[in-house]
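Colleague: Structure, please.
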Amino acid sequence: MVKMIGAVLILFAGTMIGFQQAARFAMRPRHIRQLIHALQRLETEIGYGYTPLPEAIERTAEHMQGAMRAMFQSVGDTLQSDKECSFRECWEQAAASHWPRTAMKAPERASFIRLGSSLGISDRDDQIKHLRLAVQQLQAEEEAARDDQARYEKMSKSLGVLVAALVVILIV
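Modeller: Numbers count the residues shown, from 1 in each chain. Sure, this is the predicted structure:
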């Protein structure tokens, strides 16, 4: 009886680990798409609204959800509260504190950080060019993330169940 309960618990745990990994593969393209929308909104605020960067960041945060909202709010809050902190430092601090809550990986983070080092130090047109470049890079990463999702999502679910079944067989 105890072995049976243990086997069921192991199967359940292995299955949940597989499904959790599959969910990360599914969330990555969604998070990249949210970041792309945030940057496009930021581009609109800067380009067409002639909005100053700190205010544009705050307005962008208002229209985001989840980790993206927290990341942009963090940049805006740090810009307003710490006058000695440069935009780049605020951007990097927000990325460091909020990036682990996303399913995005190192290439997306590198594009995000690179963008932060170029915003706030040039004129409006140059900032728009940098935003568009970051969006293009993220769109390429989104395509790769969708490929990974199609390739690995189902495999992760199956692998979780199969590894748990193997452990149960080896124990029993």
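
Colleague: what packs against the biggest helix by length in the chain?
Modeller: Secondary structure of the chain per DSSP state H: the longest helix is helix 124-171. Helix 124-171 sits against helix 2-47, helix 106-118, with contacts defined as 3 or more C-beta pairs under 8 Å, 6 or more residues apart in numbering; DSSP states H and E. Any C-beta I mention is one placed from the backbone N, CA and C, and that applies to glycine too.

Colleague: Show me how far it is from its chain's centre.
Modeller: A distance of 11 Å separates the centroid of the chain from that of helix 124-171, by C-alpha atoms, centre = their mean, to the nearest Å.

Colleague: what mean pLDDT would you report for it?
Modeller: Averaged across helix 124-171, pLDDT comes to 94.

Colleague: and the angle from that helix to helix 106-118?
Modeller: Using axes from the mean of the first three to the mean of the last three C-alpha atoms, to 10 degrees, the inter-axis angle of helix 124-171 relative to helix 106-118 is 160 degrees.

Colleague: coming back round to it: among the helices and strands packed on helix 124-171, which is nearest Val135?
Modeller: Each of the helices and strands packed on helix 124-171 has some distance to Val135 by C-beta to C-beta; the shortest is helix 2-47, at 5.3 Å.

Colleague: average pLDDT for that closest one?
Modeller: Averaged over helix 2-47, pLDDT sits at 94.

Colleague: Tell me who's in contact with the closest residue to Cys85 other than its chain neighbours.
Modeller: Among residues not flanking Cys85 along the chain, Thr78 sits closest, at 5.8 Å (C-beta to C-beta, 6 or more residues apart in numbering). Residues near Thr78 by C-beta atoms under 8 Å, 6 or more residues apart in numbering: 85, 90, 93-94.

Colleague: tell me which element Thr78 falls in.
Modeller: Taking DSSP states H and E as the definition, one finds Thr78 inside helix 66-81.

Colleague: Show me which positions of that helix end up buried.
Modeller: 67-79 (16 or more other C-beta atoms under 10 Å).

Colleague: Please apply the same query to stretch 18-34.
Modeller: Quick answer for stretch 18-34 (16+ other C-beta under 10 Å): 18, 21-22, 25, 28-32, 34.
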